[in-house]
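> A structural model of the following input is requested.
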Amino acid sequence: MSFASWLFERKLKKNRLARKVDFPHYADVKTVLVLLNDAMYEQNIVDFLGQDRKHVMVKYPPEKKQISFWTKKPAKEFLQTISAHSYDILLDLTSQETIPIQYMVLEARAAFRCGGYVKEGLFDMTVLKTDSPMMLAQEIVHYLKEIKAK
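Next comes the predicted model:
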């Protein structure tokens, strides 16, 4: 395990102990933070979530110059742009399981976190990877609607 991984795991463990998770009712969700790494899907995903009258904020992974060489943590200023607002749901639709993206998920003030890969303690709900970010968003929304309805 690298130093950066070890450091992130420590922070994740502290966060997991302090965090209370409440499964959201999708109809009550007003704000969604979407993490993407490909702008090609942005408009389709925003339109898809917007049809349910959700306010959608899209963020991309930081550039290399915004990431610490040793810790792989994004710069404080970059993370503040994410943690400055509260979100009902975070959707990690990135196709990369990297430490900078995991820090973005961890630092976001989201009541509920969903992603497309398994990382114990990071996501409240995981839907295994699909072919595209759009399909992953559709599956997550489907499960959010179905689970709370039952």
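> so which residues of this structure form helices?
Per DSSP state H, the chain carries helices over the ranges 3-18, 42-50, 76-83, 99-107, 133-149.
> how much space is there between residue 130 and residue 19?
Distance check for residue 130 against residue 19: by Cβ to Cβ, to the nearest Å, it reads 26 Å. All C-beta spots, glycine's among them, are computed from the backbone N, C-alpha and C.
> okay, these two: which has more neighbours?
Using other Cβ atoms under 10 Å, the more surrounded residue of residue 130 and residue 19 is residue 130, with 15 against 12.
> isn't that one right up against residue 136?
Yes: if you go by Cβ atoms under 8 Å, residue 130 and residue 136 touch, sitting 4.8 Å apart.
> where do the contact lists of these two overlap?
Residues touching both residue 130 and residue 136 (Cβ atoms under 8 Å, 6 or more residues apart in numbering): residue 116.
> quick revisit: quick check: which of the helices of the chain has the most neighbours on average?
Among the helices of the chain, ranked by average contacts under mean count of other Cβ atoms under 10 Å, first place goes to helix 99-107 (a mean of 23).
> for that helix, packing partners?
Counting contacts by 3 or more Cβ pairs under 8 Å, 6 or more residues apart in numbering; DSSP states H and E, helix 99-107 packs against helix 3-18, strand 31-35, helix 76-83, strand 86-92.
> just put the ones you listed in CSV and tack on distance to residue 146 and mean pLDDT.
Output for the helices and strands packed on helix 99-107, formatted as CSV (distance: least, Cβ to Cβ, whole Å; pLDDT from 0 to 100):
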stretch, distance to residue 146, mean pLDDT
helix 3-18, 26, 86
strand 31-35, 18, 95
helix 76-83, 28, 94
strand 86-92, 15, 95
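> follow-up on the earlier one: want to try TSV for the helices of the chain, with distance to residue 29 as columns?
Below are the helices of the chain laid out as TSV (distance: least, Cβ to Cβ, whole Å):
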stretch	distance to residue 29
helix 3-18	22
helix 42-50	9
helix 76-83	18
helix 99-107	17
helix 133-149	8
